[in-house]
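A.B. asks: Sequence first, predicted coordinates after that:
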Amino acid sequence: MKRLFLVLLCAILGACAATPSPSPVPSQEFFHDELFAAPAQRVDAEDVFARSDAMKHYVHVDIARQLRAQGYVRGLINALYQSDQLKLKYDPGATRNAAQAFDARKGNCLSLVIMTAALAKELGLEVTYHNVAVEETWSRADDLAFLSTHVNVTLGTRATDGNPGYDASLALTVDFLPAEDIPRRRTRSISEDTIVAMYMNNRAAEALAQWQIDEAYWWVRAAVVRAPDFLSPYNTLGVVYLRRGELPAAEQMFRYLLARAPRDKQALSNLAMLLDKEGHADEASALRARLARLEPYAPYHFFWLGTAAMQRGDFATAKSMFAKEVDRADYCSEFHYWLGIANFRLGDLDEARKQLAIAMENSTTPSDYELYAAKLERLRSAGAH
C-alpha cells in the first residue's frame, strides 16, 4: 500500500527542520479554488484566539482574586493547570480554537497553547511561542501518516504594565513535557501567524483523515496565506490535490517545497509516490534513493511488513517486525497491540497480555482504549481456563 505523509502539530502538527528562504507572498498559481466546493464552516484566522464571554468572565471575575494575590502570570497558570481548578485535560483528538478548548476543558498541545495565550492576552500579558525539538512521533489514519511536533508558550508581564500582577523579572513557560526535560530541549521562537497556520494545517489534516477534501483545501489554503514561510502546509496542500486526483497541481506543490527544503522527507516520499502514478519510475526511484540516505526505514516500514506477514500466517516474522517498531517507537499503542496479537497467535499468552496492557496504557483515544481493554479481557479469560 502506498502512503501519504503529513506533518501535524501535537496530535495530529509541525515545522520543517530546514530553514527556508523568505517567501513573503504565496503564488496564486498554487491555488485552484474552482476545484473545490465552498467550505461548510467558517475558515477565519480571527476565530483562533477569539475570547468568548465565558473566558472573559473567568479571568475578570472567577479568578480575579487569585490573580491579584499571586500575580497575573503565576495566578493564571495555576488556575488553568491545577487539578482543583479549571481541570484542563490533554486530549490528542481534534484541534480546537481557544473558545472551543475552554468550553471542552481539554485539547491537544496546540489547542491548549492557543487557549492559554488567548486568556493571557485578555489580561494584557506578553505571549511568546516556541517550537520545541522533540523526537519524531508518528500516527496514522488509513493511508495517511502524521508527524507530530511540539509547541509551548511563555507568559510574561509587559514592561509598561501597571496592573497588580506586574513583575518585570517574571516569565513562565507552559509545556506538557516533563518540567525536567524542558531546559535540555532546543526551542525556537515562532510568530503568532505561524501558530495560526499550524492550527489551520491541523484542521486540514484532520479533514483529510475524514475524506473531507473540500474542507481540507480551504483550511490549508488559509494556512499558506497566513504564514508563507511555514512549509508544512505546502505538503498538506499537495496531498489535498492528490486526493482530488489533480496530479499536476500536487506535483507543483511537492517540487516547490523541495526547492525550498531539499531534505524534506515527507515531500520526497509523496513526490516519489506521485511520480509512480504518472509512470515516471526512474525519477521516483532516484527520489527514494535520496530519501533512503536521509532515512533508511520510513515510519511504519516494519509495521507494514508485520501486517503482511500476519495475513499470510507467518506469525514469527510478524512478531519480529512489530518488535522492531516497538523498539524505535515505544510510545505507539498500535505497535504494542499487534505485537500482542502476534504473540497470541504463537501461543505466548503471557507476553500477549503484557503487550496489550502496554497498548492500553499508551492509547490516546477512548475507542482505542476500549478495543485493547476488550481484547485483553478475552485473553485473561482464555488464560483462566
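C.D. replies: Yep, it's here. Residues are numbered from 1 along each chain as shown.
A.B. asks: element containing residue 233?
C.D. replies: Here residue 233, judged by DSSP states H and E, is contained in helix 232-244.
A.B. asks: so what secondary structure elements neighbour that helix?
C.D. replies: With contacts taken as 3 or more CB pairs under 8 Å, 6 or more residues apart in numbering; DSSP states H and E, helix 232-244 sits against strand 4-9, helix 192-209, helix 213-226, helix 247-260, helix 265-277. The C-beta positions use only the backbone N, C-alpha and C, and glycine is treated the same way.
A.B. asks: Any chance of TSV for those, columns mean pLDDT and mean neighbour count?
C.D. replies: Output for the helices and strands packed on helix 232-244, formatted as TSV (pLDDT from 0 to 100; neighbours: other CB atoms under 10 Å):
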stretch	mean pLDDT	mean neighbour count
strand 4-9	43	26
helix 192-209	93	26
helix 213-226	96	24
helix 247-260	94	19
helix 265-277	90	23
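A.B. asks: For residue 303, the count of nearby residues, please.
C.D. replies: 22 (other CB atoms under 10 Å).
A.B. asks: can you pull the alpha-carbon coordinates of the helix holding residue 233 into CSV?
C.D. replies: Below are the C-alpha coordinates for helix 232-244, written out as CSV (Å, rounded to 0.1, in the frame of the first residue of the first chain):
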residue,chain,number,x,y,z
SER,A,232,4.2,22.1,6.3
PRO,A,233,1.0,23.4,4.7
TYR,A,234,2.6,23.2,1.2
ASN,A,235,3.0,19.5,1.7
THR,A,236,-0.6,19.2,3.0
LEU,A,237,-1.9,21.2,0.0
GLY,A,238,-0.1,18.7,-2.3
VAL,A,239,-1.8,15.8,-0.5
VAL,A,240,-5.2,17.6,-0.9
TYR,A,241,-4.6,17.8,-4.7
LEU,A,242,-3.5,14.2,-4.8
ARG,A,243,-6.7,13.2,-3.0
ARG,A,244,-8.7,15.2,-5.5
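A.B. asks: what mean pLDDT does it have?
C.D. replies: On average, the pLDDT along helix 232-244 is 93.
A.B. asks: going forward can the numbers begin at 86, since that is how I track them
C.D. replies: Understood, numbering begins at 86; the last thing we discussed is helix 317-329.
A.B. asks: sorry, back to before: need the helices and strands packed on helix 317-329 in a markdown table (columns: distance to residue 326).
C.D. replies: As requested, the helices and strands packed on helix 317-329 are exported to a markdown table (distance: least, CB to CB, whole Å):
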| stretch | distance to residue 326 |
| --- | --- |
| strand 89-94 | 11 |
| helix 277-294 | 11 |
| helix 298-311 | 8 |
| helix 332-345 | 4 |
| helix 350-362 | 9 |
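A.B. asks: For residue 132, which of these is the nearest?
C.D. replies: helix 277-294 (9.5 Å; CB to CB).
A.B. asks: okay, the angle between the helix holding residue 318 and helix 350-362?
C.D. replies: Helix 317-329 and helix 350-362 meet at an angle of 20 degrees, taking axes from the mean of the first three to the mean of the last three CA atoms, to 10 degrees as the criterion.
A.B. asks: picking up where we left off before, and residue 191, which of the helices and strands packed on helix 317-329 is closest to it?
C.D. replies: Here helix 277-294 is closest among the helices and strands packed on helix 317-329 (CB to CB), at 15.4 Å.
A.B. asks: to the chain's geometric centre, what's the distance from the closest one?
C.D. replies: With CA atoms, centre = their mean, to the nearest Å as the basis, helix 277-294 stands 9 Å off its chain's centre.
A.B. asks: That helix vs helix 298-311, what angle?
C.D. replies: 160 degrees.
A.B. asks: Return the alpha-carbon coordinates of helix 277-294 using CSV.
C.D. replies: Taking Å, rounded to 0.1, in the frame of the first residue of the first chain, the C-alpha atoms of helix 277-294 are listed here in CSV:
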residue,chain,number,x,y,z
GLU,A,277,1.7,34.1,16.1
ASP,A,278,1.0,33.9,12.4
THR,A,279,2.8,30.6,12.4
ILE,A,280,0.8,29.3,15.3
VAL,A,281,-2.4,30.3,13.4
ALA,A,282,-1.1,28.5,10.3
MET,A,283,-0.3,25.4,12.4
TYR,A,284,-3.9,25.4,13.7
MET,A,285,-5.2,25.7,10.1
ASN,A,286,-2.8,23.0,8.8
ASN,A,287,-4.1,20.7,11.6
ARG,A,288,-7.7,21.3,10.7
ALA,A,289,-6.8,20.5,7.1
ALA,A,290,-5.1,17.3,8.1
GLU,A,291,-7.9,16.2,10.3
ALA,A,292,-10.4,16.9,7.5
LEU,A,293,-8.3,14.8,5.1
ALA,A,294,-8.3,11.9,7.5
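A.B. asks: hang on, residue 313 is in a helix, isn't it?
C.D. replies: No. Under the criterion used here (DSSP: H, G, I helix; E, B strand; the rest coil), residue 313 is coil, not part of a helix.
A.B. asks: That one: neighbouring residues, count only.
C.D. replies: 20.
A.B. asks: Residue 454 versus that one, what's the distance?
C.D. replies: 40 Å (CB to CB, to the nearest Å).
A.B. asks: Please report the distance of residue 203 from residue 178.
C.D. replies: 19 Å.
A.B. asks: Of the two, give the one with the bigger neighbour count.
C.D. replies: residue 203 (22 against 16).
A.B. asks: Now that one. Nearest residue, chain neighbours left out?
C.D. replies: Take residue 203 and drop its neighbours on the chain: the residue closest to it by CB to CB, 6 or more residues apart in numbering is residue 183, 3.6 Å away.
A.B. asks: I am finished for the moment; much appreciated.
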